[in-house]
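Q: sharing a model prediction with you, sequence too.
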Number of protein chains: 2
Amino acid sequence: MLDAYRLDEKKKVSLESYDPEDTSGFTGKEEIEESFAKLKEQLEDIQERLYASKKNGVLVLFQGMDCSGKDGVVKKVLSGLNPQGFRAESFKRPTDDEAAHDFLWRTHKVTPPKGYFVSFNRSYYEDVLITRVHGLIDKDVATRRLKNIQQFEKMLADNGTVLIKIFLHISPDFQLKKIQERMENPEKLWKFDPSDLEERRHWDAYVKAYEAAFKATATKTNPWYIVPANHRWFRDYLVLKIIVSTLSKLKLEYPKAAFDPADYKTTEE
Amino acid sequence: MLDAYRLDEKKKVSLESYDPEDTSGFTGKEEIEESFAKLKEQLEDIQERLYASKKNGVLVLFQGMDCSGKDGVVKKVLSGLNPQGFRAESFKRPTDDEAAHDFLWRTHKVTPPKGYFVSFNRSYYEDVLITRVHGLIDKDVATRRLKNIQQFEKMLADNGTVLIKIFLHISPDFQLKKIQERMENPEKLWKFDPSDLEERRHWDAYVKAYEAAFKATATKTNPWYIVPANHRWFRDYLVLKIIVSTLSKLKLEYPKAAFDPADYKTTEE
């Protein structure tokens, strides 16, 4: 099932060929609820083993248009993780200090150490997306940066970081509906940013920039997943399934003790 | 009910007068389950308001002997929080860089910005506990540091950080039982550290160091809570109740928009 959503080679991708309404044949939340709960338990077990074995770090990176649900998916899918082995990072406009460094600096600093989960809400990909769409960098710089990114991700993998890259795929209509909800609900109004309406006008340019990014950075080791996200229950389910499926392949084991516990049994009371 | 567990003035405390078996009259987990679930919902609502209003940061600090459940309580009580507004920090032996700074430096760096929750598993209090018990600092230095701590905590409060200080109170027998469990369960063996058995010998010195810390730093603004922790269900329940009760008093509101959303309704489609 996951194959349909995976991009794992550097070839031309058309986002149009993916339907944001897709639910892989499921007709509603009830159908996947039980499976979702079971996957969450599996993820908790995986986290414990990951933490104990200290062989890999896990980085789950979310990209998507405004209102595609990057916040929501972290809350719904990852909030069950033990907070002591998990950090949620999100990246806004760079600070002066961040902007004074190379574009991978601020994200590299907060990648997961071995044993830990980290999620990225936006990432270094913004440096080939928003910057490209607004003409802050030209095509050559974007191409060079994409190469930098692909090699950086390879380096992470070589050193034990499992990278899971998720694009949350929504339709322009769905986005507009969400923006309107924010404007109309007093408890959501604080999330509304008038500039989101302005960004919407660049939809097609963003699609092009994303397609270029997928083409340049989708590899067998570090694939992209295009997750249909108009239905939030399916979005959450698919993201969870991708994470559990990827990490199950690591076959994480609890470490054996470097000593014989029996040696200590008699030293007490 | 919380008053019985709160220390909010600088007076002599005897830990012996607190019973680690205490459950405030509740006879089992079933009795508080419903209330626990309701408190968790309240906490989620509070977090959303805290994040939206950006007026306060929340720092929940856990101290306690080895095996008192500092890891467990973070997992059970705080794992429902939205990870995007919450970070769990824990402090081990200082690195060389950390040790080269004043003792408040490494913890101050990771205190919560406004809108965020942070939990501390151990804290700057270790610098008047383990160091004092092992004779790395003398009584004068400990007294001076306690004064530094009290003033640091006052500064945090003055600047909008709500600090909740929790001591997880277990008995020596309970600790031994837990250490033995770790040694006997292959999935828990990795948590077992032979030096825990050595630390146990210093139990009474730790109690004295804790009592000195409570006396020097318990204030109306930044009280300590002594949480009986031999029964984990009661420990979790009480900690959650303390957090929700403290934060409810802030009366956090969603901010009003700085603009009229109606101005934007007509700019689209």
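A: Cool, the structure landed.
Q: OK, contacts around the closest residue in space to A:G28 that isn't next to it in sequence?
A: Excluding its sequence neighbours, the residue lying closest to A:G28 (CB to CB, 6 or more residues apart in numbering or on different chains) is A:W233, at 7.6 Å. For the C-beta atoms, the positions are set from N, CA and C on the backbone; glycine is no exception. By CB atoms under 8 Å, 6 or more residues apart in numbering or on different chains, the residues touching A:W233 are A:28-29, A:32.
Q: now stretch A:194-204, how far from the centre of its chain.
A: Taking CA atoms, centre = their mean, to the nearest Å, one finds the center of stretch A:194-204 at 22 Å from the center of the full chain.
Q: what's the average pLDDT for that stretch?
A: Taken as a whole, stretch A:194-204 carries a mean pLDDT of 89.
Q: also stretch A:248-260?
A: Stretch A:248-260 carries an average pLDDT of 83.
Q: check stretch A:134-144 too.
A: pLDDT averaged over stretch A:134-144 gives 94.
Q: can you name the residues in contact with that stretch?
A: Against stretch A:134-144 from outside (CB under 8 Å, 6+ apart): A:127-128, A:131-132, A:145, A:202, A:209, A:212, A:216.
Q: of those, grab the buried ones for ChimeraX.
A: Under the burial definition 16 or more other CB atoms under 10 Å in any protein chain shown, those of the contacts of stretch A:134-144 that qualify are selected in ChimeraX by:
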select /A:127,128,131,132,145,209,212,216
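Q: relative to B:L197, which of the contacts of stretch A:134-144 is nearest.
A: A:D127 (51.2 Å; CB to CB).
Q: so that closest one sits right up against A:N148, yeah?
A: No: at 9.3 Å, A:D127 and A:N148 do not qualify as touching, with contact defined as CB atoms under 8 Å.
Q: overlap in contacts of these two?
A: Overlap of the contact sets of A:D127 and A:N148 (by CB under 8 Å, 6+ apart) consists of A:F103.
Q: so A:L168 is in which element?
A: strand A:161-169 (DSSP states H and E).
Q: could you do A:I32 as well?
A: Going by DSSP H and E, A:I32 is part of helix A:29-53.
Q: check the offset of that helix from the chain's centre.
A: Relative to the centre of its chain, helix A:29-53 is centred 17 Å away, using CA atoms, centre = their mean.
Q: list the buried residues of that helix.
A: By neighbour count on 16+ other CB under 10 Å, the buried set for helix A:29-53 is A:32, A:36, A:39-40, A:42-43, A:46-53.
Q: other residues contacting the very next helix or strand once past that helix?
A: Using DSSP H and E, the helix or strand that follows helix A:29-53 in sequence is strand A:57-64. Here strand A:57-64 makes contact (CB under 8 Å, 6+ apart) with A:50, A:70, A:73-74, A:78, A:111-123, A:125, A:129, A:156, A:160-170, A:210, A:229, A:243, A:247.
Q: where along chain A do the helices fall?
A: A:29-53, A:70-78, A:96-99, A:105-108, A:130-133, A:139-158, A:172-184, A:194-200, A:203-217, A:232-248, A:262-265 (DSSP state H).
Q: how about those in a markdown table, adding distance to B:E253?
A: A markdown table is the format used below for those (distance: least, CB to CB, whole Å):
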| stretch | distance to B:E253 |
| --- | --- |
| helix A:29-53 | 32 |
| helix A:70-78 | 21 |
| helix A:96-99 | 32 |
| helix A:105-108 | 33 |
| helix A:130-133 | 32 |
| helix A:139-158 | 42 |
| helix A:172-184 | 18 |
| helix A:194-200 | 22 |
| helix A:203-217 | 35 |
| helix A:232-248 | 27 |
| helix A:262-265 | 54 |
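Q: worst mean pLDDT among these?
A: The minimum mean pLDDT among the helices of chain A belongs to helix A:262-265 (a mean of 68).
Q: contact partners for the spatially closest residue to A:D127 that is not a sequence neighbour?
A: What sits nearest to A:D127 in space, not counting adjacent residues and going by CB to CB, 6+ apart, is A:F103, at 4.2 Å. By CB under 8 Å, 6+ apart, the residues touching A:F103 are A:124, A:127, A:145, A:148.
Q: mind checking how far A:F103 is from B:L247?
A: Separation of A:F103 from B:L247 (CB to CB, to the nearest Å): 38 Å.
Q: what's the burial count for the residue in the stretch 101-250 of chain A positioned nearest to chain B?
A: Across the stretch 101-250 of chain A, the shortest distance to chain B (CB to the nearest CB) belongs to A:M183, at 4.1 Å. Neighbour count for A:M183, taken as other CB atoms under 10 Å in any protein chain shown: 18.
Q: cool, A:F192 as well?
A: Residues near A:F192, counting by other CB under 10 Å: 21.
Q: roughly how far does the closest residue to it other than its chain neighbours sit from A:K154?
A: The spatially closest residue to A:F192, leaving aside those adjacent along the chain, is A:R182, at 4.0 Å (CB to CB, 6+ apart). Applying CB to CB, the value for A:R182 to A:K154 is 39 Å.
Q: one more: A:L176?
A: From A:L176 to A:K154 the distance is 38 Å (CB to CB).
Q: could you do A:D260 as well?
A: According to CB to CB, A:D260 stands 41 Å off from A:K154.
Q: comparing these two, which residue is more hemmed in?
A: More crowded of A:D260 and A:K154, by other CB under 10 Å: A:K154, with 15 against 9.
Q: quick check: that one touching A:T221?
A: Yes: distance between A:K154 and A:T221: 6.9 Å, which falls inside the contact criterion (CB under 8 Å).
Q: what is the burial count for A:V244?
A: There are 18 residues near A:V244, going by other CB under 10 Å.
Q: how about it, what does it touch?
A: Here A:V244 is in contact with A:39, A:42-43, A:46 (CB under 8 Å, 6+ apart).
Q: now do 6 Å
A: Residues in contact with A:V244 (CB atoms under 6 Å, 6 or more residues apart in numbering or on different chains) are A:39, A:42-43.
Q: contacting residues for the nearest residue to A:K12 once chain neighbours are set aside?
A: Residue nearest to A:K12 in three dimensions, not counting chain neighbours: A:K215, with 5.9 Å by CB to CB, 6+ apart. By CB under 6 Å, 6+ apart, A:K215 lies in contact with A:10, A:12-13.
Q: which elements pack onto the helix holding A:I32?
A: helix A:232-248 (3 or more CB pairs under 6 Å, 6 or more residues apart in numbering or on different chains; DSSP states H and E).
Q: change it to 10 Å
A: Secondary-structure packing of helix A:29-53 (3 or more CB pairs under 10 Å, 6 or more residues apart in numbering or on different chains; DSSP states H and E): strand A:57-64, helix A:70-78, strand A:117-121, helix A:232-248.
Q: so for A:T23, which of these sits nearest?
A: helix A:232-248 (4.4 Å).
Q: between the contacts of A:K215, which has the most around it?
A: When neighbours are taken as other CB under 10 Å, the top entry among those is A:V13 (20 neighbours).
Q: contact partners for that residue?
A: For A:V13, the contacting residues are A:7, A:167, A:210-215, A:218, A:224, A:226, by CB atoms under 10 Å, 6 or more residues apart in numbering or on different chains.
Q: now do A:K165
A: Counting by CB under 10 Å, 6+ apart, A:K165 touches A:7, A:59-63, A:120, A:123, A:125, A:153, A:213-214, A:217-218, A:222-225, A:242.
Q: change it to 6 Å
A: A:61, A:224.
Q: that older thread, please tabulate the contacts of A:F103 in CSV, including the columns distance to A:L2.
A: Output for the contacts of A:F103, formatted as CSV (distance: CB to CB, whole Å):
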residue, distance to A:L2
A:Y124, 24
A:D127, 28
A:R145, 28
A:N148, 28
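Q: going by distance to B:M1, which of those residues wins?
A: A:Y124 (49.5 Å).
Q: for the residue nearest to that closest one when sequence neighbours are not counted, the count of nearby residues, please.
A: Spatial nearest neighbour of A:Y124, chain neighbours left out: A:T107 (4.8 Å); criterion: CB to CB, 6+ apart. Using other CB under 10 Å, A:T107 has 22 other residues around it.
Q: can I assume A:T107 is in contact with A:R122?
A: No: counting by CB atoms under 6 Å, A:T107 does not reach A:R122; the two are 9.4 Å apart.
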